[in-house]
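In: Structure here, sequence nowhere to be found:
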């Protein structure tokens, strides 16, 4: 089982101990470090700044939002970071949700699957650098000849030769169609709220993608990186209680009530009644009551919590379910070392 350090996105201020965490992760044998973005800090700059102090860690985005950049711009970011890091970039992409896409980026959210497919195709054209990049659209036509066009645009090849034509592209996906798309066109799946109990369902979705004509990977060379809190503790109940407000936030408050992808994931797990009640309470401002509705199992399904033996058994269970990497968050350098020792034995 590989370990990835998830730095996430920034809150009101940058984190103060990220360099310490990254140094500890590299020394402890972590595979990767990841940065994310929402509607504040971006994902590429922290990886370039803090990643310059590393030698072995892969540098991944988990995730960059496709509406934040044109596909050619995103490819420029990835090939630049790949050169600077000596070929250690992982490009994790995600569609985000309509509140962010339309409210922050001013882009349409419709047809996210088709947009993702077209976006990835253009990035791969840039990285292959075999011919000038062109796309018939409809979402990212190149060259652009629509309203307001000068008519002077022409297909171009990147001036800078990419270090690698095959920079890994991983998709952040939650629903069945998007996970199947990851199996078809990507090199890995960034899974959130993964539960080993539903591994047969996830594997069915992935297998649908692997079976499509022209699929890029097979199960044998495809990575599944799952976000997972790993907590080593003798007081399991207390740890679960602390995490319930976070679960309530994502289920009840992250996304529009009409379309909350996180809530949909938990409904697929069988928590439909709980999700509806959490959402109702959270949206009415009763956040503590919303957290109280979260059952213990709703937390422990998607996390590994317990004493050392229980954690190691949990890691083995996730690995047997098909997960190749756990993306973990850490408080400090000691926590990084603790998790490395627990996961690796």
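Out: Done, it's in. Note that the structure is predicted; figures quoted are calculated from it, not measured.

In: residue ranges with poor pLDDT in the chain?
Out: By pLDDT under 70, the weakly predicted segments of the chain are 254-260, 345.

In: any idea how far the residue nearest the centre of the chain is from residue 245?
Out: In the chain, the centroid-proximal residue (CA atoms, centre = their mean) is residue 62; its distance is 3.7 Å. For residue 62, the distance to residue 245 equals 23 Å [CB to CB, to the nearest Å]. In this view, the C-beta of every residue, glycine as well, is placed from N, C-alpha and C.

In: what's the answer for residue 281, then?
Out: Using CB to CB, residue 281 is found at 12 Å from residue 245.

In: Mutual contacts of these two, please.
Out: Both residue 281 and residue 245 are in contact with residue 287, where contact means CB atoms under 8 Å, 6 or more residues apart in numbering.

In: which of these two has more neighbours?
Out: Each of residue 281 and residue 245 has its neighbours counted (other CB atoms under 10 Å); residue 281 has more, 19 against 15.

In: Once you drop chain neighbours, what's closest to that one?
Out: Using CB to CB, 6 or more residues apart in numbering and skipping residues adjacent in sequence, the residue nearest residue 281 is residue 290, 3.9 Å away.

In: ok, the one you found - contacts?
Out: Residue 290 neighbours (CB under 8 Å, 6+ apart): 248, 252, 277-279, 281-282.

In: Helices - which of the residues you listed land there?
Out: Assigned to helices by DSSP state H, the following of these qualify: 248, 252, 277-279, 281-282.

In: Same list (the residues you listed) but as a markdown table, adding distance to residue 192.
Out: A markdown table is the format used below for the ones in helices among the contacts of residue 290 (distance: CB to CB, whole Å):
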| residue | distance to residue 192 |
| --- | --- |
| 248 | 16 |
| 252 | 16 |
| 277 | 22 |
| 278 | 17 |
| 279 | 18 |
| 281 | 22 |
| 282 | 19 |
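
In: returning to that earlier point: ramachandran coordinates for the residue nearest to the centre of the chain?
Out: Main-chain torsions, residue 62, degrees, to the nearest 10: phi -140, psi 80.

In: Now that it has come up, it's in contact with residue 91, right?
Out: No - Residue 62 is beyond contact range of residue 91, at 10.0 Å (criterion: CB atoms under 8 Å).

In: Got the domain ranges for the protein?
Out: 2-229+308-344, 234-306 (automatic domain parsing).

In: Any idea how far apart the tips of the last one sit?
Out: Spelled out, it's domain 234-306. 6 Å (CA to CA, to the nearest Å).

In: One more: stretch 6-22?
Out: End residues of stretch 6-22 are separated by 10 Å (CA to CA).

In: Stretch 14-21 now?
Out: One end of stretch 14-21 sits 14 Å from the other (CA to CA).

In: List the buried residues of it.
Out: For stretch 14-21, burial by neighbour count (16 or more other CB atoms under 10 Å) applies to 18, 21.

In: where do the helices sit along this protein?
Out: Per DSSP H, the chain carries helices over the ranges 18-27, 44-51, 71-85, 98-103, 112-128, 176-185, 199-210, 236-253, 261-268, 272-283, 287-293, 296-300, 308-320, 333-344.

In: Show me the common contact partners of residue 62 and residue 91, please.
Out: residue 170.

In: picking that back up, mean neighbour count, the helices of the chain: which tops it?
Out: helix 176-185 (a mean of 21; mean count of other CB atoms under 10 Å).

In: And it, what does it pack against?
Out: helix 112-128, strand 169-172, strand 188-191, helix 199-210 (3 or more CB pairs under 8 Å, 6 or more residues apart in numbering; DSSP states H and E).
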